[in-house]
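Enquirer: no FASTA, just this:
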């Protein structure tokens, strides 16, 4: 979502003032930092990076420096108190105001703060998408109403608000016309989408998927990130019925312990999650499931962690993102004593990672011998190699040429590594 927001900020400033992206901050007239506050110490990283920008400001006082995104929303005017050379601070719902803010700063040399949360009005002010790449992001909803006790997102992104169906379809058509083959629909709880349809009725996420899937020129459709409580029968059917919908689902579970899930305010238990995955795999047997895990949540016992390992072994994940618990400012969990010793967290995390890595290796090796359609993304680090992604989102390296970027090619999978696959071009 931050990648999407950053690209739209660039579109706005290009349309307003002809500004273009440059390779380094030292060459820029406007420096914008787009931030995320999900992980620990995000604020520290912001201030560390600002230290570098301070030197640029001293040499060139006319440079405009702005901090945007979720850390900006969370920290607000504290950023300008700690770093007074920052000209503007703006939250994720206010970046449509950038052209006017830049104009005001240039004219009046003022410090500006924009951390209000209007109802997703920013999408009404965005220019036509200028994306010319083969893969595009389109935000369909923002915010979160789930209020998991560990998560800062509801406080930085605001409540769940969905864009109208026609707005989403219009932007999808724009990026397809600009050359995109793949579209990824984005939202904090993307499958919680409820937008006004062209018929005046409320459309849910599965209805939107069917409408996007019918757009001319679309070869691949993906979405991130889903909440288990919003997976309904319509979404399961979409995986079964829409060939353009890629067989990959990121479905965070966070813990395998019912007691911890309740403390996290996740809204589901372990059996609900397991049955969801079973239903999805029945509908789309080739689907890859990924997830998120938090280890060492306050109060987590050895028995709770054992339940997490048991869920992992029962579900079997293609991949997963796992982290030690760290309190996020302002969340309910941050007010509870962080009772799990760091050494215990670290040991549990390593044990979980070992199981998950083994599962990933097994899923990767199962691809050997198959022919996969791969969307070529970029040159690999190894000379003469290119890399792309399979329908189930696995990275594949193969001997190819840069002019293949953006093409769909057929690769026979010949090898498997820890985080990627090896393939060779076929004539099929």
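Expert: Nice, I can see it. Note that the structure is a prediction, hence the values are computed from the model and not measured.

Enquirer: and after the helix or strand in which residue 351 is found, which helix or strand comes next?
Expert: Taking DSSP states H and E as the criterion, residue 351 maps to helix 342-365. For helix 342-365, the succeeding helix or strand toward the C-terminus, using DSSP H and E, is strand 371-379.

Enquirer: and the helix or strand just after that next one, how far from the chain's centre?
Expert: Helices and strands here follow DSSP H and E; after strand 371-379, the next one along the chain is strand 385-389. Centroid separation for strand 385-389 versus its chain: 21 Å, with Cα atoms, centre = their mean, to the nearest Å.

Enquirer: give me the sheet partners of strand 385-389 and which way each runs.
Expert: The pairing partners recorded for strand 385-389 under DSSP bridges are strand 371-379 (antiparallel), strand 395-399 (antiparallel).

Enquirer: mean pLDDT, distance to residue 66 and mean neighbour count for those - can I get that in JSON lines?
Expert: To be clear about C-beta, it is placed using only N, CA and C from the backbone, and glycine gets the same treatment. Output for the strands paired with strand 385-389, formatted as JSON lines (pLDDT from 0 to 100; distance: least, Cβ to Cβ, whole Å; neighbours: other Cβ atoms under 10 Å):
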{"stretch": "strand 371-379", "mean pLDDT": "96", "distance to residue 66": "29", "mean neighbour count": "18"}
{"stretch": "strand 395-399", "mean pLDDT": "97", "distance to residue 66": "33", "mean neighbour count": "19"}
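
Enquirer: any chance of these in CSV, with distance to residue 59 too?
Expert: Conversion of the strands paired with strand 385-389 to CSV gives the following (distance: least, Cβ to Cβ, whole Å):
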stretch, distance to residue 59
strand 371-379, 34
strand 395-399, 40
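
Enquirer: neighbours of residue 170, how many?
Expert: 14 (other Cβ atoms under 10 Å).

Enquirer: er, residue 162 I mean
Expert: 24.

Enquirer: residue 159 now?
Expert: Neighbours of residue 159 (other Cβ under 10 Å): 12.

Enquirer: now residue 323
Expert: With other Cβ under 10 Å as criterion, residue 323 counts 15.

Enquirer: partner strands of the helix or strand hosting it and their direction?
Expert: Element membership for residue 323, per DSSP H and E: strand 319-324. When pairs are called by DSSP bridges, strand 319-324 turns out to pair with strand 288-295 (parallel).

Enquirer: gap between the partner strand and the chain center?
Expert: So, by Cα atoms, centre = their mean, the centroid of strand 288-295 is 14 Å from its chain's centroid.

Enquirer: can you tell which of the strands paired with strand 385-389 is closest to residue 90?
Expert: strand 371-379 (30.7 Å; Cβ to Cβ).

Enquirer: got the contact list for the closest one?
Expert: With contacts defined as Cβ atoms under 8 Å, 6 or more residues apart in numbering, strand 371-379 is touched by 134-135, 181-182, 219-220, 385-391, 396, 398, 400, 402, 404-413, 423, 426, 428.

Enquirer: show the buried residues in those residues.
Expert: 134-135, 181-182, 220, 386-391, 396, 398, 400, 404-406, 409, 411-413, 423 (16 or more other Cβ atoms under 10 Å).

Enquirer: does residue 251 touch residue 226 like I think?
Expert: Yes - Residue 251 is in contact with residue 226 according to Cβ atoms under 8 Å; the separation is 5.3 Å.

Enquirer: quick check: the closest residue to residue 312 other than its chain neighbours vs residue 311, distance?
Expert: Distances taken as Cβ to Cβ, 6 or more residues apart in numbering place residue 355 nearest to residue 312, at 5.5 Å, with adjacent residues excluded. Distance, residue 355 to residue 311, by Cβ to Cβ, to the nearest Å: 11 Å.

Enquirer: higher neighbour count, the two?
Expert: Using other Cβ under 10 Å as the criterion, residue 355 and residue 311 rank with residue 311 on top: 21 against 17.

Enquirer: and the more buried one, how far from residue 73?
Expert: For residue 311, the distance to residue 73 - Cβ to Cβ - is 33 Å.

Enquirer: what do you get for residue 420?
Expert: From residue 420 over to residue 73 (counting by Cβ to Cβ), the distance is 35 Å.

Enquirer: and what of residue 44?
Expert: 17 Å.

Enquirer: which of those two has more neighbours?
Expert: Remark: of residue 44 and residue 73, residue 73 carries more neighbours, 25 against 10, as counted by other Cβ under 10 Å.

Enquirer: per-residue confidence for the nearest residue to the more buried one once chain neighbours are set aside?
Expert: Of all residues not flanking residue 73 in the chain, residue 91 sits nearest, at 3.6 Å (Cβ to Cβ, 6+ apart). Per-residue pLDDT puts residue 91 at 89.

Enquirer: any low-confidence regions in this protein?
Expert: By pLDDT under 70, the weakly predicted segments of the chain are 40, 117-132, 428.

Enquirer: before we move on, back to that, settle this for me: the residue nearest to residue 73 is touching residue 69, isn't it.
Expert: Yes - the pair residue 91 and residue 69 passes the contact test of Cβ under 8 Å, sitting 7.5 Å apart.

Enquirer: so which of those two has more stuff around it?
Expert: It is residue 69, of residue 91 and residue 69, that has more neighbours when counted by other Cβ under 10 Å, with 26 against 22.

Enquirer: what sits against the more buried one?
Expert: With Cβ under 8 Å, 6+ apart, residue 69 has these contacts: 2, 5, 33, 34, 35, 36, 37, 91, 92.
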